[in-house]
Each structure stands twice: as structure tokens, then as C-alpha cells.
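Q: Predicted structure and sequence below. I'll ask about it afterward.
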Amino acid sequence: MYPRRMGAAWEAFAPAKLNLYLEVLGKRDDGFHELETLMAPIRLYDRLQWTPGDQTASGFSLRFDPSTPAALQAAVPVDRRNLVWQAAELLARDAGVSATGEFVLTKRIPSQAGLGGGSSDAAAALVLANAAWGLDYSRSKLSRLAAQLGSDVPFFLAGRSAICRGRGERVEPVANFPRLDVVVAVPPEGVSTAAAFQALAAAPAAPSHPPDSRSRLSRLLDLLQSGSLAAAGRWMTNGLQSVAAELCPWIRRLGTAFASTSCHGHMLTGSGSAYFAVMRSARHARRVAAELSSRNLGTVFASATCC
Ligand code: C5P
């Protein structure tokens with residue numbers, strides 16, 4: 001993720017992500033869950049603009065660009081609860097600069113979808129404020145702050161496909177990740193990540209080190225890197241899918257719809273509620289997205305992984 005200067009303002013594009021593999025290895029003493037996941041950024045972006053304030057002015061402002069759809073404006077707060085705000089405040093505190101300036105967010109990534117929009121915006125805010133304030137923090141220093149904001153924020157800061165472990169904050173970027181053409185469906189109801197993990201911890205078979213996770217993930221990655229996408233599809237898995245499907249009945253409906261598309265593999269991303277499939281080509285993705293769009297399953301679109 002790179003900041004771009006536009007006169008007095010700065011801007012960065014914050015991509016959405018898909019989890020192609022997600023196993024929950026167990027519950028930790030700090031209340032979080034130990035994860036093993038493979039995530040890839042996709043070509044669906046929020047845009048964050050930042051105009052640094054005069055150092056004597058007080059406070060931040062955060063507002064939506066008017067082109068942001070009304071439904072997203074209604075779903076996402078633009079006050080202290082927003083991770084953009086928290087990210088800039090955290091960095092200002094750490095660096096000892098006064099926290100002033102204006103953010104404008106052009107929102108395109110749906111929330112409560114497992115697409116990582118809020119976390120990606122937070123990473124963009126860190127990168128922009130770091131540049132605009134001339135702090136020159138290294139990526140590893142920013143990454144430590146990113147982990148305080150949310151488990152997925154360090155992944156977005158790294159800005160490319162990666163295996164993430166720990167609670168998600170230990171990021172190992174992956175080389176030679178292929179372009180995957182995908183179809184993403186976002187149903188009308190979202191899933192709260194905290195609620196999905198709580199439901200998992202309360203489930204009769206609470207997670208405890210599913211066997212061979214490391215070798216299954218490495219098999220999936222080998223197949224993706226060698227372009228064997230049909231075989232790779234069989235190794236895609238999401239350990240949160242069954243609990244998320246109990247919380248949001250749309251997920252099973254989407255699974256059934258995608259099963260009839262001759263895709264390479266399909267599953268939930270993160271804790272949902274967005275569902276996706278890896279398609280055979282960009283053309284196939286566009287055709288299936290158009291077909292599914294007419295079936296009242298929510299918002300359906302074709303996209304692709306970007307790095
Ligand atoms: O880190 P983040 O704020 O995105 O997490 C949201 C919630 O999801 C946490 O409060 C926690 O309940 C749950 N979570 C978890 N284990 C993780 C990541 C998230 O239990 N590895």
C-alpha cells in the first residue's frame with residue numbers, strides 16, 4: 001500500500017481481501033484464536049484521502065466522499081469507532097505529533113463481510129499519516145502499531161498475498177502468487193467477527209489443532225503457485241464457515257448457488273458473510289457474476305486477486 005501526494009493532500013487505495021484458506025488452531029489465553037490463513041488482496045478498493053491539518057488546529061475530521069453509496073454510509077461510523085480515526089490517533093500518540101487533519105473516505109468495500117475493509121482503511125491511514133507527517137517509520141515499526149488496531153491490519157500494510165499466523169498479525173508474504181479470477185457475493189446480512197469466534201468457542205467441537213493444517217496449507221499454496229487451480233480448489237477450507245452459516249442463513253444458500261457454477265472451489269471469506277468462488281477465467285467470472293446477480297442473493301461481482 002503506497003501513499004500518493006496530490007498537492008496538499010495525500011491518498012492511498014485500500015484493497016479488500018479474500019481468505020483462500022483459514023484454520024482456527026485453538027483458543028488463546030488472551031481471548032483471541034490462533035489462526036493459520038492464506039489471504040490475497042483483490043481488485044476492490046476503498047480510497048482514503050488525507051489533508052494534514054495546521055498543527056494549531058484541534059483534532060481530526062473524517063467524512064465520506066459523497067460518491068459513497070448510502071447503504072455503506074449508514075453501516076460505517078465516521079467517528080472515533082472508525083479504525084481510520086483510531087489509526088491516526090495511535091500514530092500521532094506514538095510519534096508525539098498533534099493529531100490534526102481531514103480524512104475523506106470513498107467507501108466501496110461492504111462491512112461485516114469478511115473482506116477486511118475496515119482493517120484495510122486502517123492500514124491506509126497509518127501509511128498516509130506516516131508520509132504526511134514525515135515520520136519515516138519503517139514497515140516493521142508501523143506493523144507493530146497495526147497489530148494493536150486489529151488482527152488483519154498488518155496483512156494490509158504488507159500489501160500482498162500472504163500466509164498469516166498468530167492471531168493474524170504474523171505475516172509471511174508469498175512469492176509468485178497467481179492471478180485468480182473470482183466471483184464474490186455479498187448477501188444483505190452481515191456477520192460480526194467477534195460473534196463468529198464466540199460461536200466457535202461455544203460449539204460442542206471447539207477448535208483444537210485440526211490435524212495437518214500446516215501441510216494442507218502448504219499443499220494448497222504449491223498447487224496455486226504451479227497454476228493447478230482445479231486441484232487447488234479442493235484444498236480450500238474455512239474453519240469458521242459452519243458457525244458463520246448458523247449465524248447467517250444466506251451462507252448456505254450462496255454455497256448451493258456456487259456449487260452449480262463449475263468453479264474450481266468456493267467458500268466463505270473470513271467470518272463472512274461474503275462468499276466467493278475461484279473461476280476458470282475472467283470471462284467465466286463475468287458470466288457467472290451476471291447469472292448470479294439476477295437471483296436475489298445480494299450484491300454479486302467479478303473480481304481478481306491483485307498481488
Ligand atoms: O482483531 P480484530 O479486532 O479484527 O478481531 C475482532 C474480534 O474477533 C476480536 O475481538 C475477537 O473476538 C475475534 N478474533 C479472535 N481471534 C482472532 C481474530 C479475531 O477471536 N485471531
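A: Cool, the structure landed. Residues are numbered from 1 along each chain as shown.
Q: Check the secondary structure at Ala131 for me.
A: Secondary structure state of Ala131, per DSSP: H, G, I helix; E, B strand; the rest coil, is helix.
Q: so what's it up against?
A: 3, 5, 10 (Cβ atoms under 8 Å, 6 or more residues apart in numbering). (C-beta placed from N, C-alpha, C; glycine too.)
Q: Out of these, which sit inside strands?
A: Using DSSP state E, the subset of these located in strands is 5, 10.
Q: where are the low-confidence patches of the chain?
A: 55-58, 206-208 (pLDDT under 70).
Q: now the residue nearest the centre of it: how far from Pro110?
A: Centroid-nearest residue in the chain: Gly116, 2.3 Å away (criterion: Cα atoms, centre = their mean). According to Cβ to Cβ, to the nearest Å, Gly116 and Pro110 sit 11 Å apart.
Q: Show me whatever sits in contact with both of those two.
A: By Cβ under 8 Å, 6+ apart, no residue touches both Gly116 and Pro110.
Q: sec struct for the residue lying closest to the residue nearest to the centre of the chain once chain neighbours are set aside, please.
A: In this structure, Gly116 finds its nearest non-sequential neighbour in Lys17, 4.3 Å apart by Cβ to Cβ, 6 or more residues apart in numbering. For Lys17, the secondary structure call by three-state DSSP comes out as strand.
Q: For Lys17, give its distance to Ala146.
A: For Lys17 relative to Ala146 (Cβ to Cβ), the value is 14 Å.
Q: try Ile163
A: 17 Å.
Q: and if you look at Glu291?
A: Counting by Cβ to Cβ - Glu291 and Ala146 are separated by 38 Å.
Q: In terms of neighbours, single out the busier of the two.
A: It is Ala146, of Glu291 and Ala146, that has more neighbours when counted by other Cβ atoms under 10 Å, with 28 against 14.
Q: Find the helix or strand that the more buried one is a member of.
A: Taking DSSP states H and E as the definition, Ala146 sits inside helix 139-149.
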